[in-house]
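Visitor: predicted structure and sequence below. I'll ask about it afterward.
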Amino acid sequence: MTPLQIGIMLHYFCRSGEYRQGDFSPPAVRDAIDGFLDTGMLTKLPTGDIHITEMGLAYVAALERVPAPVNKWT
């Protein structure tokens, strides 16, 4: 997963409103949003808004469990 994709998932996890105010014209953003919709990590509501799904929430929870790196001198 790319940093852009992670940022998009985190946006829908913790913010209301559309990513980039709904401007998905950059190809990388459009591809990421389409990919998440296809895999079920995001869903489009009847209003047209995009919302994170249970699968997306599970992915964000997995990201939260990744430990921070530790600098260790040996």
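Guide: Good, I have the coordinates.

Visitor: show me where this structure has its helices.
Guide: Along the chain, counting by DSSP state H, helices occupy 3-14, 27-39, 54-64.

Visitor: turn those into TSV, columns for mean pLDDT.
Guide: Listed next are the helices of the chain as TSV, based on pLDDT from 0 to 100:
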stretch	mean pLDDT
helix 3-14	95
helix 27-39	95
helix 54-64	96
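
Visitor: confidence score at residue 45?
Guide: Residue 45 carries a pLDDT score of 93 in this model.

Visitor: and the nearest residue to it once chain neighbours are set aside, how far is that from residue 24?
Guide: Distances taken as Cβ to Cβ, 6 or more residues apart in numbering place residue 51 nearest to residue 45, at 5.4 Å, with adjacent residues excluded. (Each C-beta comes from the backbone N, C-alpha and C, glycine too.) Using Cβ to Cβ, to the nearest Å, residue 51 is found at 15 Å from residue 24.

Visitor: quick one, which of those two is more surrounded?
Guide: Between residue 51 and residue 24, counted using other Cβ atoms under 10 Å, residue 24 has the larger neighbour count: 18 against 12.

Visitor: about what we covered before: okay, the helices of the chain in JSON lines with distance to residue 72 and mean neighbour count next?
Guide: Compiled in JSON lines, these are given as follows (distance: least, Cβ to Cβ, whole Å; neighbours: other Cβ atoms under 10 Å):
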{"stretch": "helix 3-14", "distance to residue 72": "25", "mean neighbour count": "16"}
{"stretch": "helix 27-39", "distance to residue 72": "34", "mean neighbour count": "14"}
{"stretch": "helix 54-64", "distance to residue 72": "23", "mean neighbour count": "13"}
